[in-house]
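Trainee: Here is the input, now give the coordinates:
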Amino acid sequence: MSGEIGWHEREYNPRTTVPDVADLVASWSRRSARTRAAHPPVEDIRTGEHPRDLVDVFRAPDARGAVVYIHGGYFRSFSKVETSFVAEGFLGQGLSVALMNYPLCPEVSLETLVESVRRSFARLVGEILTEAERARVAVTGHSAGGYLTAALVATDWTERGCPAAPFHRAVPVSGVFDLAPLLHTSMNADIRLTEDRAPGLNLLSRPQRVHVPVVAVVGGAESEEFRRQSRALAEAWDSPRPSVLEVEGANHFTVLDALATPGTPLNRAVAGTAG
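Mentor: Residues are numbered from 1 along each chain as shown. As a prediction, this is how the structure comes out:
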């Protein structure tokens, strides 16, 4: 059993294979502080009843659309603040950037967390974004945010009084879409996933509800399981069939550099200028 747990931990916990995680995360905070000073956002717009149901919006002058970014942290850490630097990749392209918060495990269940993101997104596109920003909405997110991005694609928005396609493209980055392997990792002490609930949270077995282009992104230096999960999402959905983009040389953390850099294939996939 110990060997099996070791394999899951190695494949699904990037902190076990990336040696300078603390330095990378510290650099995120420094870069994000500079971004927020240079481009002060509209902060802490409430989207629900939980204290973490908040969104920040960086407004681009003469916006032609918006990027909605959902932070990572394996459902149990971080916030909209630490990776604010991703906004730098889009503001100069006329795209406003909305950064979403959500409740974390173990305070809430994964099911509650996902539902909170759905409600907040509906509020964001229905009431908070301007008409110009709603004209072209891209959704992207990293790690846990990659799963949550895909969860929005698997949502029937007509049941929530929204258009069937309230966004125009989705780019999950470094996501895990079948969460069952996390049962065998140390992260599950906080996530608290159970064997009986895991199938209901498996996005690979759920249909694609929002029929827009989807690009599943993974770093070339990530574990085989992270790469396999992105390929599996592309194989599971087909309306239209998602593509897979591998960011050469990027690990689970440095992949965000490509998101924040205008002109990279990942940045262009989100901005809608790829191809």
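Trainee: Let me see the ranges of the strands in this structure.
Mentor: Under the criterion DSSP state E, the chain contains strands at 42-46, 54-58, 65-70, 95-100, 137-142, 169-173, 215-219, 243-247.
Trainee: could I get these as TSV with mean pLDDT and distance to S116?
Mentor: Using the backbone N, CA and C atoms, a C-beta is placed for each residue, glycine as well. What follows is these, written out as TSV (pLDDT from 0 to 100; distance: least, C-beta to C-beta, whole Å):
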stretch	mean pLDDT	distance to S116
strand 42-46	98	12
strand 54-58	98	11
strand 65-70	98	11
strand 95-100	98	10
strand 137-142	98	14
strand 169-173	98	18
strand 215-219	98	23
strand 243-247	98	28
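Trainee: out of the ones you listed, nearest to A150?
Mentor: strand 169-173 (4.7 Å; C-beta to C-beta).
Trainee: And for the closest one, what's in contact with it?
Mentor: With contact meaning C-beta atoms under 8 Å, 6 or more residues apart in numbering, strand 169-173 is reached by 138-143, 145-147, 149-150, 152-153, 210, 212-218, 230, 233, 255-256, 259, 266, 269-270, 272.
Trainee: could I get the strands of the chain as JSON lines with mean neighbour count and distance to R197?
Mentor: Shown next, in JSON lines, are the strands of the chain (neighbours: other C-beta atoms under 10 Å; distance: least, C-beta to C-beta, whole Å):
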{"stretch": "strand 42-46", "mean neighbour count": "13", "distance to R197": "29"}
{"stretch": "strand 54-58", "mean neighbour count": "22", "distance to R197": "27"}
{"stretch": "strand 65-70", "mean neighbour count": "28", "distance to R197": "21"}
{"stretch": "strand 95-100", "mean neighbour count": "26", "distance to R197": "23"}
{"stretch": "strand 137-142", "mean neighbour count": "27", "distance to R197": "21"}
{"stretch": "strand 169-173", "mean neighbour count": "28", "distance to R197": "21"}
{"stretch": "strand 215-219", "mean neighbour count": "26", "distance to R197": "24"}
{"stretch": "strand 243-247", "mean neighbour count": "18", "distance to R197": "28"}
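Trainee: now what about stretch 6-17, what contacts it?
Mentor: Residues contacting stretch 6-17 (C-beta under 8 Å, 6+ apart): 21, 176, 181-182, 184-187, 222-226, 251-253.
Trainee: Could you pull out the buried residues of that stretch?
Mentor: 8-9, 11-14 (16 or more other C-beta atoms under 10 Å).
Trainee: cool, and stretch 262-275?
Mentor: Neighbour-count burial for stretch 262-275 [16+ other C-beta under 10 Å]: 264, 266-272, 274.
Trainee: Which members of those define the maximum pairwise distance?
Mentor: That would be T264 and G272, which, of those, are the farthest apart (C-beta to C-beta) at 13.9 Å.
Trainee: where are the low-confidence patches of this structure?
Mentor: For the chain, applying pLDDT under 70 flags the ranges 1-5, 274-275.
Trainee: Thought D56 was touching R46, still the case?
Mentor: No - using C-beta atoms under 8 Å, R46 is not in contact with D56, being 11.5 Å away.
Trainee: which residue ranges form the helices in the stretch 1-150 of the chain?
Mentor: With helices called from DSSP state H, counting those that start in this stretch, the stretch 1-150 of the chain shows them at 2-12, 21-38, 110-123, 131-134, 144-153.
Trainee: Comparing those, which comes out most buried?
Mentor: helix 144-153 (a mean of 27; mean count of other C-beta atoms under 10 Å).
Trainee: Quick one: work out the angle between that helix and strand 137-142.
Mentor: Put simply, helix 144-153 runs at 140 degrees to strand 137-142, going by axes from the mean of the first three to the mean of the last three C-alpha atoms, to 10 degrees.
Trainee: Could you name the helices and strands sitting against helix 144-153?
Mentor: strand 65-70, helix 110-123, strand 137-142, strand 169-173 (3 or more C-beta pairs under 8 Å, 6 or more residues apart in numbering; DSSP states H and E).
Trainee: How much space separates R15 from A22?
Mentor: Separation of R15 from A22 (C-beta to C-beta, to the nearest Å): 9 Å.
Trainee: Name the residues contacting each of these two.
Mentor: What both R15 and A22 touch, as defined by C-beta under 8 Å, 6+ apart, is an empty set.
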